[in-house]
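Novice: next comes the sequence, and after it the predicted model I'd like to discuss.
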Amino acid sequence: MKEMKNLLISTVLLFIFTYANAQGNRLLTAFEESYAHETNLEYVKAATTLEKEYLNYISNYEINLRLGWLRYSAGDYKYSEEYYTKALELKPLSLEAIYGKVLPLLELQKYRSIIKLAEKALAIAPNDSRAEYFIGLASYYKKDYVKSEKYLEKAINKYPFDLDINLMLGWTKLALGKKNEAKALFLVAQRKSPANLRVKNALDVINK
């Protein structure tokens with residue numbers, strides 16, 4: 001009787017292990033196929049490949065994070081935001097999920113939400129330049145130029161030769177009427193990327 005019981009337990013455990021292993025292989029295969037599609041810039045196909053398995057792995061952080069990126073790359077910003085939101089629910093301290101979610105929020109012009117997310121990032125990682133940059137960027141589009149300047153100044157102190165920070169701070173300075181400071185920042189951006197069209201546009205505006 002005892003031997004039969006042990007055999008039954010072993011059989012059940014073997015079944016569970018085999019099933020779990022098969023499920024893991026299916027997820028891995030889906031990831032591999034999605035990367036292959038992404039390499040060919042087939043973002044919708046890459047996302048769809050994972051979404052076929054999504055209901056089986058709805059509480060998996062990695063699949064939500066990746067689908068957030070793929071749907072963003074495909075231009076499906078609403079779905080991208082939803083996947084990143086789910087990823088953050090699963091891993092609330094994840095900076096990669098926070099900054100991932102910022103991307104569709106920018107396209108959707110949800111600037112208050114961006115500031116809130118970036119402030120959360122600063123609470124997790126004080127003095128993080130990405131968080132400071134995004135607060136500055138979102139504040140600029142909300143026309144809160146003083147706040148924008150404050151946070152972009154913090155970011156540029158850590159990365160004085162960063163293209164995006166120099167450009168954004170330059171536009172902020174210009175909005176505040178500080179034309180000479182703005183031009184100096186645009187010139188730094190030009191040295192960083194001489195052929196950049198955004199830099200050319202900034203200099204064209206300020207040289208009028």
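Specialist: Yep, it's here. Residues are numbered from 1 along each chain as shown.
Novice: can you give me the neighbour number for Lys178?
Specialist: Applying other Cβ atoms under 10 Å, we find 16 residues neighbouring Lys178. Every residue, glycine included, has its C-beta placed from N, CA and C.
Novice: for Arg198, same thing?
Specialist: 14.
Novice: that one against Leu167, yeah?
Specialist: Yes - shown here, Arg198 and Leu167 form a contact pair, counting by Cβ atoms under 8 Å, at 6.0 Å.
Novice: identify the contacts common to these two.
Specialist: Residues touching both Arg198 and Leu167 (Cβ atoms under 8 Å, 6 or more residues apart in numbering) are Ala189.
Novice: how close does the closest residue to Lys142 other than its chain neighbours get to Leu93?
Specialist: Nearest residue to Lys142, sequence neighbours excluded (Cβ to Cβ, 6 or more residues apart in numbering): Tyr111, at 5.0 Å. For Tyr111, the distance to Leu93 equals 23 Å [Cβ to Cβ, to the nearest Å].
Novice: so the two - more neighbours on which side?
Specialist: Tyr111 (20 against 12).
Novice: so that one sits against Asp144, correct?
Specialist: No - contact criterion Cβ under 8 Å: Tyr111 and Asp144 do not qualify, at 9.3 Å.
Novice: residues touching Ala155, list them.
Specialist: Ala155 neighbours (Cβ under 8 Å, 6+ apart): Ser129, Glu132, Tyr133, Gly136, Asp162, Ile165, Leu169.
Novice: mind doing that once more with 6 Å?
Specialist: Ser129, Glu132, Tyr133, Ile165 (Cβ atoms under 6 Å, 6 or more residues apart in numbering).
Novice: once you drop chain neighbours, what's closest to it?
Specialist: Here the residue nearest Ala155, using Cβ to Cβ, 6+ apart, is Glu132, at 4.1 Å.
Novice: and that neighbour, what does it touch?
Specialist: With Cβ under 6 Å, 6+ apart, Glu132 has these contacts: Tyr151, Lys154, Ala155.
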